[in-house]
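S.K.: I would like to see how this sequence folds:
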Amino acid sequence: MSAIPGLEGIGDARQFNRIFLRRLDEPGGIEKTSAATRTFIQMRIRERGFARHIIPPEVVTADDCDRSENHDLPTKLVDREFEDTIAMAANFLGNHDGRFVEGDRIRAKFYKIETLEYAFQEAMLLAFNYPITELIEKHSVKDIERVEDEKLLELSNAAVATTGKLIVSPATAIDRQILATLFKMLDGDELEFDCCLMHKVDYDDWNSLPATTVGDKIASEVVVDGWQYQKMQGHKVVTTIKNLVEPGHLYGFVKPEMLGVFYLLGDTRFAIWKKYDKIYMKSWEYTSMIFGNAKGTCKVEMDVPNPLTGL
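M.R.: Got it, this is the predicted structure:
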């Protein structure tokens, strides 16, 4: 039930919460519980949110970073593969006929993502029928991961606006042709399509494709169990129910190492403290997400009806 050391194996949620609160009153209990709960957040947060499925985060330390010449926050220099692949000829005297190839670099700037400061009365926790770790996940993990997802979409939309890899389609539902259109925007640009991001509404439409499109065997499986595969047309699919991704908007990405970087400066932090009968919680992290290859993402916008009104 719990990832917090010392509280494993406790089956009753209210008993778990009582022990959790008692630990806060013990000498050094707040520090121990904060450190243990931070481990819980680190374990769970990496399994949630769609951004981390598209660009897995890499934890870096202060030793990997340096100061910016413009501000006091840490930054990290990232080498980017040089795009010009034209060969350069040189004579025996060392004179070249072209220009020297210099590595292209981009600087990753870190920023802070933090939750609100949540306060709970001690009596409330004693009455909960689910363990405190679920409360932490609800208020801390989901808040942080949503901001990460927002950043991924912000970068994606800016990239397609720059490169023109955005196709507006009159189609009202996803099908194989729409997916092929998405794939070709990357495959046709000497890149390799890797992952598709879509709203669950579009995934539901895919589940309703007729047998003439997906085949009798697949259609019978989908009717019973839904689409059970992790891929569509051979490519990984990530779905979300968050309204950050609009129904009908399909995003495509190359492999993470060809797309960009997602850094965490240390692990996600968690603090918990108690004053009188109130428990306070707050989480934060320092992160940087950048697209080093703007051509590595694309988008198709379909004319999908509103799932609630059908219009």
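S.K.: and the most centrally placed residue in the chain, what does it touch?
M.R.: For the chain, the residue whose C-alpha lies nearest the mean C-alpha position (C-alpha atoms, centre = their mean) is Ala51; its distance is 1.5 Å. For Ala51, the contacting residues are Glu145, Glu148, Asp149, Lys151, Leu152, Phe262, Met289, taking C-beta atoms under 8 Å, 6 or more residues apart in numbering as the criterion. Quick note: C-beta positions are derived from backbone N, CA and C, even for glycine.
S.K.: Where does the fourth one fall, secondary structure wise?
M.R.: In this structure, Lys151 sits in helix 142-163 according to DSSP states H and E.
S.K.: Tell me which other helices or strands that helix touches.
M.R.: helix 51-54, strand 111-114, strand 249-253, strand 278-291, strand 297-301 (3 or more C-beta pairs under 8 Å, 6 or more residues apart in numbering; DSSP states H and E).
S.K.: 7 Å - rerun?
M.R.: helix 51-54, strand 278-291, strand 297-301 (3 or more C-beta pairs under 7 Å, 6 or more residues apart in numbering; DSSP states H and E).
S.K.: so the one helix or strand Asn17 maps to versus strand 278-291, what angle?
M.R.: With elements taken from DSSP H and E, the one containing Asn17 is helix 13-25. Taking axes from the mean of the first three to the mean of the last three C-alpha atoms, to 10 degrees, one finds that helix 13-25 is oriented at 90 degrees with respect to strand 278-291.
S.K.: Send me helix 13-25 as PDB with only the CA atoms.
M.R.: The C-alpha coordinates for helix 13-25 follow below in PDB (Å, rounded to 0.1, in the frame of the first residue of the first chain):
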ATOM      1  CA  ALA A  13      -5.900   2.900   5.700                       C
ATOM      2  CA  ARG A  14      -7.000   4.700   8.900                       C
ATOM      3  CA  GLN A  15      -4.400   2.800  10.900                       C
ATOM      4  CA  PHE A  16      -1.800   3.800   8.300                       C
ATOM      5  CA  ASN A  17      -2.700   7.500   8.700                       C
ATOM      6  CA  ARG A  18      -2.600   7.300  12.500                       C
ATOM      7  CA  ILE A  19       0.900   5.900  12.400                       C
ATOM      8  CA  PHE A  20       1.900   8.500   9.800                       C
ATOM      9  CA  LEU A  21       0.600  11.400  12.100                       C
ATOM     10  CA  ARG A  22       2.300   9.800  15.100                       C
ATOM     11  CA  ARG A  23       5.600   9.800  13.300                       C
ATOM     12  CA  LEU A  24       5.300  13.600  12.800                       C
ATOM     13  CA  ASP A  25       5.200  14.100  16.600                       C
END
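S.K.: mean confidence for that helix?
M.R.: Over the span of helix 13-25, the pLDDT mean works out to 79.
S.K.: please begin residue numbering at 15 from this point
M.R.: Shifting the count to begin at 15 puts that one at helix 27-39.
S.K.: In terms of helices and strands, where is Ala137?
M.R.: Assigned by DSSP H and E, Ala137 belongs to helix 136-141.
S.K.: what is the mean pLDDT for that helix?
M.R.: So the average pLDDT for helix 136-141 ends up being 80.
S.K.: what's that helix in contact with?
M.R.: By C-beta atoms under 7 Å, 6 or more residues apart in numbering, the residues outside helix 136-141 that reach it are Arg28, Asn31, Arg32, Leu35, Ile146, Asp291, Ile293.
S.K.: quick revisit: relative to Leu205, which of the helices and strands packed on helix 156-177 is closest?
M.R.: Go through the helices and strands packed on helix 156-177 one by one with C-beta to C-beta and the one that ends up closest to Leu205 is strand 311-315, at 9.3 Å.
S.K.: quick one: strands adjacent to that closest one?
M.R.: Each strand pairing with strand 311-315, determined using DSSP bridges, is listed with its direction: strand 180-182 (parallel), strand 263-267 (antiparallel).
S.K.: before we move on, back to that, contact partners of the helix holding Lys165?
M.R.: Counting by C-beta under 7 Å, 6+ apart, helix 156-177 makes contact with 59, 62-66, 68, 127, 129, 180, 256, 258-259, 265, 282, 297, 299, 303, 305, 308-309, 311-313, all of which sit outside it.
S.K.: got the buried residues for the helix holding Asn31?
M.R.: Of the residues in helix 27-39, Ala27, Phe30, Asn31, Ile33, Phe34, Leu35, Arg37, Leu38 count as buried by neighbour count, 16 or more other C-beta atoms under 10 Å.
S.K.: where in this protein is pLDDT low?
M.R.: 15-25, 52, 54, 56-61, 81-86, 93-119, 223-244, 324-325 (pLDDT under 70).
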